[in-house]
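> the sequence isn't on hand, but the structure is:
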């Protein structure tokens, strides 16, 4: 999967190079905050099932059509979440409890209908590498065994829809709904109910 990620990055850069040369680099920085369904099982009713989700994105306009009524853009982003669990569940006597977290690095390509009626509407697709950690915090399984820490990588495709109304000259409000599509053999951990991410944030154009 690492080789696939590298090849996709090279292909993306090759595709974007002509567009980047055709215009000046005018990045947009977006900071988004949201909620994501974490990896805790619903049987642990005393543990949080949703986690705080911050994301930092660097976006660049590739080109626009019809006086920028339709804008094509690319982006790279990083995100992180942690369920914050630091003690064993009290709702399951024969269970070992883990605290889960995730760090993500990904890329996106999308379109924005900047003059869509009411609100600018956009769509994007992307690819990301997710580093997921399970940290043992307490409890024992039914056979009395303790848990252990472990980590793995998960590769995902993603698709999203966004609205991006302008607030001020260089400021925009951003609202997003994102859907994940896991690729690896660990995808069974990311059940359908865990594949949605909801975000709200601000975007700022560094250059007018």
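Cool, the structure landed. Worth saying up front: this structure is predicted, and the values here are computed from it rather than measured. Numbers count the residues shown, from 1 in each chain.
> so where does the residue nearest to residue 125 when sequence neighbours are not counted fall, helix or strand?
In this structure, residue 125 finds its nearest non-sequential neighbour in residue 159, 5.2 Å apart by Cβ to Cβ, 6 or more residues apart in numbering. Just so you know, the C-beta spots here come from the backbone N, C-alpha and C atoms, and that holds for glycine as well. Following DSSP states H and E, the helix or strand that holds residue 159 is strand 150-163.
> give the buried residues for that strand.
For strand 150-163, burial by neighbour count (16 or more other Cβ atoms under 10 Å) applies to 154-156, 158, 160, 162-163.
> what of stretch 94-114?
Under the neighbour-count criterion of 16+ other Cβ under 10 Å, stretch 94-114 has 95-102, 104, 106-112, 114 buried.
> how far does it sit from the chain's center?
Here stretch 94-114 is found 4 Å from its chain centre; the criterion is Cα atoms, centre = their mean, to the nearest Å.
> and stretch 161-173, by the same measure?
Remark: stretch 161-173 is offset 19 Å from the chain centroid, using Cα atoms, centre = their mean.
> same question for stretch 137-157.
From the chain centre to the centre of stretch 137-157 is a distance of 23 Å (Cα atoms, centre = their mean).
> beta partners of the residue nearest to the spatial centre of the chain?
The centroid of the chain falls nearest to residue 79 when counting by Cα atoms, centre = their mean (6.0 Å). Residues in a beta bridge with residue 79, per DSSP bridges, are residue 55, residue 104.
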